[in-house]
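*Asks:* generate coordinates for the sequence data below:
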Amino acid sequence: MALLGVYCQMVIMTLSISNPGLVFCQSCNGFRCGECLIRSGCAWCKDPDYKLNRCDSLEKMIGDGCTNIVKREPSRITVTQNDHSSDGGPGLEAIQIRPQRVKIQLTPNDAEVRLPIYYKIARNFPLDVYFLNDPSYTMRFLIQRLNELANSIADDISLLTTDFRFGLGTSMEKNILPFTDPKGLMYSCNNCDPPYSFIHRLSLTRDVEDFKVALSKVNTTGNFDFPEGLLDGLMQVMVCGDRIGWRNKARKMVLYASDIQFHQAGDGRLAGILEPNDCMCHMDSTGKYSKAEIQDYPSVGQIIQKARENNINILFVIGGDESERVRTTVYNSLAAALPGGIDFAAELDTTSSNIIQIIGDSYRRLRDTVKMVSSLLPKEIMLKIYSDCNSDGRFNLTNLCTVLNFNQTLTFDASIQSNLNTCPEERNSSFAIFPEGLDERVTVDLEHACGCDCQMEPEAEPNSAKCNGRGRYECGICICDPGWAGERCDCDERGSVAKACGTEQGICSGVGNCTCGKCECSPGFDGEKCECSDRNCRSYNGLLCGGPTNGICDCGKCACYSNFTGETCECSTSTGMCMTENNTLCSENGICECGECICSAGFTGNHCERCKNCPAICEIQYNCVECAGFNQGLYNQSICDQRCKNVEIVSLLQEASFSKDLTITGCVLRDRFGCIIKFNVHDSENKQTIKIKSLRECPPSPPDPLIIGASVSGAVVLIVLLCILIWKLLTMFYDNMEYSKFEHDLKNPAWETFENPIYKECITSFENPLREANVGESS
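*Replies:* Next comes the predicted model:
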């Protein structure tokens, strides 16, 4: 399977360069030669004793030693009708395009086939001109002018082609309210006809006098509303070919003359007309449109469709006072959508005298322009048209050429290619390539070449002895008759195949052949009864079992390699894809499953690195804030350098905000020292950044016992010293007082009059207190 994938990629690259239209790759397989060769790049080996796969790439088959190889035949073109170009004229057929018919044997999925087509303007190509006129009063001058100038018109056209015919019809409005007055009372004027929808007055003829007589019989008529019903008449002119007299091989031109816009599909409902227009011919024996009051107006789409189907070139000629407005708002866009190359409406002057110039210029434009288109192209065919016009001989991808002349022969190259995967049931079909607006065409008879020559007699041998008379020998193998199988049809399978190879899904599970009681499985299937299939193995990302690097398909189930798990081997057991730049698993905010991070609630991102509006958006950043901002916290310098790479130190912080592209969350952290750290988390779609304010807000430091003790001790010492100082001052003051007194006593001695207070006499006298009492008693 891996080798096949590589081969397919190589084939895709090769084909996409050489053939951009072919962008698929298929493996080579097929039980018969034709089935094999339908695939590009495949070949068939018809060596009788070849044991390998007979249907394979040419390179591999040569490498495997096959000597008799059947290769894909290139597509072939055979011209079956190629009449020479002719200018036409009396008794001669004008031929502008050749070849007229080819047969292409197209090999499916082959390189493109180029069919050259030549186009040359014929001088006398047949021209049929039908005048479809508006018979209203405001357009009366055109009828008069056509009558007066009929011979001049014929003379002018005869300078362009001698083979021309004129026809005439008039179209006005449905004869029903509210569009017209059915009783014709409003048209009581002289020489006025009652209202009508369409009258075919003259079939295409060469007799100019008959044309003038028909013009002389046209009278004016009218309607109530502004739009008119000329599309009814235009549809009948295009689809009633036998009554109008259109020639199969002629340039068909309808000159549609009016001065007002038209009614279209849906407007009929105003008159209760609900039946849609069926695009069929409904012209009675008098030339009148018989279903005007029964069917609705045709739609613009129906007009375009029938113009293309019948190769009608429509020329809008618009007169009246509002010609410019009507042409630009209504008719120019319609003209651009119609075939033929006249993509605008012509302006008719007030007297209609320029009608000759309009007809001549329009025919020259039609004649000198060619646009190659196709019809009935099968859906399996891709067609591109190239041309060498106006390119100095170089072919460009265009189907439109303009400003041609009689002496110029254009070459168109039609690139034809099929993109079939299998041979179609209908191998033969036809389509046409033709100039738009003309019935001339190149008919392409297409045959899908899906077989091999060795499958046809006489090389193929019915009831061949090589197949034991029980089959057809072709391209090196036996195609056995019913009931027989084997390489030489020697296996009798006329017994019960169901018993030998049957399953509930059918013989060999419906994807193989029962040969001699054993199943031979189709590519991609195996097992005893082909019950195992790669198709039963699920794919992951478009690859079976996740691709050759993840696992292989084993009988309908994926067998994963050691580093992958899951039903489709989609789940990698490696955690490498879950590791962040910080060397953390899912940013420590989730778990790794199948090589992808399954994030915890509130976290997002490939590695769960983003947390929008989750409660922990600030808390999870604390460690990085402390270590990166202030060299503190739980992380050491090594861990900080690994995990904290998205941190910035700023002097000022932005205010918190929320927007689609960026969310700024303001956070506050109080560290173990009581300091307040402020930081912001900037969360964008692809990145999360932490911005830390450079300065912390810290409280005053706690009291120091030493300082307190020293302060108290100092205070005590100071107080003691102060007390000593006070005591000293008091003692000094007292001493000074005593000294002063002493000096005073020295200066004023009084010692001679006083006893020395410290002097003690050596004789001490005592007096008995009882002596005096005893004396008294005795006296």
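*Asks:* moving C-terminal of the lowest-mean-pLDDT helix or strand in the chain, what's the next helix or strand?
*Replies:* Ranked by mean pLDDT, DSSP states H and E, the weakest helix or strand in the chain is helix 2-18, scoring a mean of 37. Tracing the chain past helix 2-18, the next element assigned as helix or strand by DSSP states H and E is helix 33-37.
*Asks:* show me what that next one is packed against.
*Replies:* Helices and strands in packing contact with helix 33-37 are listed as strand 42-45; criterion 3 or more Cβ pairs under 8 Å, 6 or more residues apart in numbering; DSSP states H and E. C-beta: built from backbone N, CA, C; applies to glycine.
*Asks:* name the helices or strands packed onto the strand it packs on?
*Replies:* With contacts defined as 3+ Cβ pairs under 8 Å, 6+ apart, the packing partners of strand 42-45 are helix 33-37, strand 55-57, helix 58-63, strand 69-70.
*Asks:* which of the ones you listed sits closest to D225?
*Replies:* Among the helices and strands packed on strand 42-45, the nearest to D225 by Cβ to Cβ is helix 33-37 (66.0 Å).
*Asks:* where's S430 relative to T350, distance?
*Replies:* 51 Å (Cβ to Cβ, to the nearest Å).
*Asks:* look up how far M372 lies from the nearest residue to N124 once chain neighbours are set aside.
*Replies:* Taking Cβ to Cβ, 6 or more residues apart in numbering, and ignoring the residues beside it in sequence, N124 has G88 as its nearest neighbour in space, at 3.9 Å. Taken as Cβ to Cβ, the spacing of G88 relative to M372 amounts to 21 Å.
*Asks:* comparing these two, which shows the higher neighbour count?
*Replies:* Regarding G88 and M372, a neighbour count based on other Cβ atoms under 10 Å identifies M372 as having more, with 23 against 19.
*Asks:* just list whatever residues bridge to that one.
*Replies:* P435 (DSSP bridges).
*Asks:* where does it land on pLDDT?
*Replies:* What the model reports as pLDDT for M372 is 93.
*Asks:* ok, it - contacts?
*Replies:* 117, 119, 385, 387, 399-400, 412, 414, 433-436 (Cβ atoms under 8 Å, 6 or more residues apart in numbering).
*Asks:* for this protein, which helix is longest?
*Replies:* With residue count as the measure and DSSP state H as the assignment, the chain has helix 705-747 as its longest helix.
*Asks:* quick one on the thing from earlier: touching, the residue nearest to N124 and L127? I think so.
*Replies:* No: between G88 and L127 there is no contact under Cβ atoms under 8 Å: 10.6 Å.
*Asks:* which residues are common contacts for the two?
*Replies:* Common neighbours of G88 and L127, using Cβ under 8 Å, 6+ apart, are 161, 163.
*Asks:* what is the neighbour count of I244?
*Replies:* Counted with other Cβ under 10 Å, the neighbours of I244 add up to 22.
*Asks:* which residues does it contact?
*Replies:* Taking Cβ under 8 Å, 6+ apart as the definition of contact, the neighbours of I244 are 130, 167, 200, 203-204, 237.
*Asks:* need those residues in CSV with distance to V213 and secondary structure, can you?
*Replies:* Formatted as CSV, the entries for the contacts of I244 read as follows, by distance: Cβ to Cβ, whole Å; DSSP: H, G, I helix; E, B strand; the rest coil:
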residue, distance to V213, secondary structure
Y130, 16, strand
G167, 13, strand
H200, 15, strand
S203, 13, strand
L204, 15, strand
V237, 20, helix
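*Asks:* the closest residue to R367 other than its chain neighbours - how many residues pack around it?
*Replies:* Nearest-residue entry for R367: I121, 6.1 Å, with adjacent residues in sequence omitted and distances by Cβ to Cβ, 6+ apart. Around I121 there are 19 other residues, counting by other Cβ under 10 Å.
*Asks:* contacts only, for I121.
*Replies:* For I121, the residues meeting the contact criterion (Cβ under 8 Å, 6+ apart) are 96, 367-368, 404-406, 408.
*Asks:* change it to 7 Å
*Replies:* If you count contacts by Cβ atoms under 7 Å, 6 or more residues apart in numbering, I121 has them with 96, 367, 404, 406.
*Asks:* also K687?
*Replies:* No residues are in contact with K687 under the rule Cβ under 7 Å, 6+ apart.
*Asks:* repeat that for 8 Å
*Replies:* Residues touching K687, when contacts are defined by Cβ under 8 Å, 6+ apart, comprise N646.
*Asks:* any chance of the contacts of M372 in JSON lines, plus secondary structure, pLDDT and neighbour count?
*Replies:* As requested, the contacts of M372 are exported to JSON lines (DSSP: H, G, I helix; E, B strand; the rest coil; pLDDT from 0 to 100; neighbours: other Cβ atoms under 10 Å):
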{"residue": "I117", "secondary structure": "strand", "pLDDT": "95", "neighbour count": "20"}
{"residue": "Y119", "secondary structure": "strand", "pLDDT": "95", "neighbour count": "22"}
{"residue": "I385", "secondary structure": "strand", "pLDDT": "95", "neighbour count": "20"}
{"residue": "S387", "secondary structure": "strand", "pLDDT": "94", "neighbour count": "22"}
{"residue": "N399", "secondary structure": "coil", "pLDDT": "90", "neighbour count": "19"}
{"residue": "L400", "secondary structure": "strand", "pLDDT": "91", "neighbour count": "14"}
{"residue": "F412", "secondary structure": "strand", "pLDDT": "94", "neighbour count": "24"}
{"residue": "A414", "secondary structure": "strand", "pLDDT": "94", "neighbour count": "22"}
{"residue": "I433", "secondary structure": "strand", "pLDDT": "95", "neighbour count": "23"}
{"residue": "F434", "secondary structure": "strand", "pLDDT": "93", "neighbour count": "20"}
{"residue": "P435", "secondary structure": "strand", "pLDDT": "93", "neighbour count": "25"}
{"residue": "E436", "secondary structure": "coil", "pLDDT": "90", "neighbour count": "19"}
